[in-house]
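[1] Take a look and give me a structure for this.
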Amino acid sequence: MPIYEFNCKQCHTIFNFFSRTVNTEKVPDCPRCKTPTLERKMSMFACTGKAEENNAGMDDLPLDESKMEKAMHMLEKEAGQINEDDPRQAANLMRRLSDMTGIQLGDGMNEALDRLEKGDDPDSIEAEMGDLLENEDPFIMPEIKGKQLKNKPIKPYIDETLYDL
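    Numbering: from 1, shown residues only. Take a look at the predicted model:
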């Protein structure tokens, strides 16, 4: 029974929707502003540290859109099949996503994934590395004309309610 996240650009809010079955097609209306154009967003599994939303400047990234689309389809398909009791599967999926998109992982994220792959307990990893991961961008974005892209995210509001899909 999956939980899907959707982003409403109109009211800058992330909503969670519960589905009794895997449903990759249905897109609900915004519970807050009733906008019918919510965007399905990729969820982070067992994410440690800060995970912030940022679309500012994303159009300027030198990323291959077809690679990104293929990676997102792979992620959407395989994420629902991950065994929550095996964090190695989530680490493997994160590495494959990085390989497919060309977006590199930061040093802290690499270390955390290495530890997950070795079978370390996710809670102990977060306890030991939480401060490091909070203060580091988990992804290293490609360079644009010799300049490293710096994200200045505007954090969206996260609605804690679990809605039915």
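[2] Just give me the longest strand of this protein.
    Ordering each strand of the chain by length in residues (DSSP state E) puts strand 157-164 first.
[3] Can you name every helix or strand that it contacts?
    When contacts are defined as 3 or more C-beta pairs under 8 Å, 6 or more residues apart in numbering; DSSP states H and E, strand 157-164 sits against strand 13-18. The C-beta positions use only the backbone N, C-alpha and C, and glycine is treated the same way.
[4] Helices of this structure, residue ranges please.
    65-79, 87-101, 107-117, 122-134 (DSSP state H).
[5] Could you take those helices and lay them out as CSV, with extra columns for mean pLDDT?
    Listed next are these as CSV, based on pLDDT from 0 to 100:
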stretch, mean pLDDT
helix 65-79, 74
helix 87-101, 83
helix 107-117, 89
helix 122-134, 83
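[6] can you list those helices in a markdown table and add mean neighbour count and distance to C33?
    What follows is those, written out as a markdown table (neighbours: other C-beta atoms under 10 Å; distance: least, C-beta to C-beta, whole Å):
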| stretch | mean neighbour count | distance to C33 |
| --- | --- | --- |
| helix 65-79 | 14 | 25 |
| helix 87-101 | 18 | 31 |
| helix 107-117 | 19 | 34 |
| helix 122-134 | 15 | 31 |
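[7] nearest to V22, of those?
    helix 65-79 (9.5 Å; C-beta to C-beta).
[8] Quick check, P28 in contact with L165.
    Yes - the pair P28 / L165 is scored as a contact, 6.1 Å apart, by C-beta atoms under 8 Å.
[9] shared neighbours of the two, which are they?
    F17 (C-beta atoms under 8 Å, 6 or more residues apart in numbering).
[10] would you turn the helices of the chain into JSON lines with distance to C8?
    Converted to JSON lines, these look like this (distance: least, C-beta to C-beta, whole Å):
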{"stretch": "helix 65-79", "distance to C8": "19"}
{"stretch": "helix 87-101", "distance to C8": "24"}
{"stretch": "helix 107-117", "distance to C8": "28"}
{"stretch": "helix 122-134", "distance to C8": "26"}
